[in-house]
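# The sequence isn't on hand, but the structure is:
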């Protein structure tokens, strides 16, 4: 049993070094160190115990190392090392400019053909707009239907489907 102790300890140290590689930027040095530790452990088992025991260690490594690394990563996600802050609209974080919301429901005129994107003049400003897929000719009166994903969505005014 004592002969197995050092290889088993080396295997556990190797797993710890692999998990450390995930946390610490080492440019792969910790990976090389972990592979060296695993290799030396297997060398000790094959040379000092028996080839059968070495094959058992290799099989155990193939199964246990990925499993332990996955468990380590999951434990790492809950540890204080990781960032637990998330951004949400409840905290006032938005990816869309609040300035665009003032265009909602406003009327304007197409400055270019909208195929379906183009330029329009709305509230005396030249803005990029899109339609919901339809083609609208230059000079057509428009109404802003939605402002979503930093896009101003327009439709031809007077087609009866403004809302």
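In hand now; what should we look at? Just so it is clear, the structure is predicted and the values come from calculations on it, not from any experiment.

# With the flanking residues excluded, which residue is spatially nearest to residue 13?
Excluding its sequence neighbours, the residue lying closest to residue 13 (C-beta to C-beta, 6 or more residues apart in numbering) is residue 37, at 5.6 Å. Just so you know, the C-beta spots here come from the backbone N, C-alpha and C atoms, and that holds for glycine as well.

# shouldn't that neighbour be in contact with residue 14?
Yes: contact status for residue 37 versus residue 14: in contact at 4.1 Å, counting by C-beta atoms under 8 Å.

# do you know how far the one residue sitting closest to the centre of the chain is from residue 79?
Nearest to the geometric centre of the chain sits residue 86, at 12.9 Å (C-alpha atoms, centre = their mean). Distance of residue 86 to residue 79, computed by C-beta to C-beta, to the nearest Å: 17 Å.

# With adjacent residues omitted, what lies nearest to residue 68?
Per C-beta to C-beta, 6+ apart, closest to residue 68 is residue 15, 4.8 Å.

# State the helix or strand in which that neighbour lies.
Applying DSSP states H and E as the criterion places residue 15 in helix 2-23.

# How far off centre is that helix?
With C-alpha atoms, centre = their mean, to the nearest Å as the basis, helix 2-23 stands 30 Å off its chain's centre.

# That helix: which residues count as buried?
Residues of helix 2-23 classed as buried by neighbour count (16 or more other C-beta atoms under 10 Å): 7, 10, 11, 14, 15, 17, 18, 19, 21.

# just stretch 81-99 next, same as before
Using 16+ other C-beta under 10 Å, none of the residues of stretch 81-99 count as buried.

# neighbouring contacts of that stretch?
23, 76, 147, 148, 149, 150 (C-beta atoms under 8 Å, 6 or more residues apart in numbering).

# again, only this time at 7 Å
Here stretch 81-99 makes contact (C-beta atoms under 7 Å, 6 or more residues apart in numbering) with 23, 76, 149, 150.
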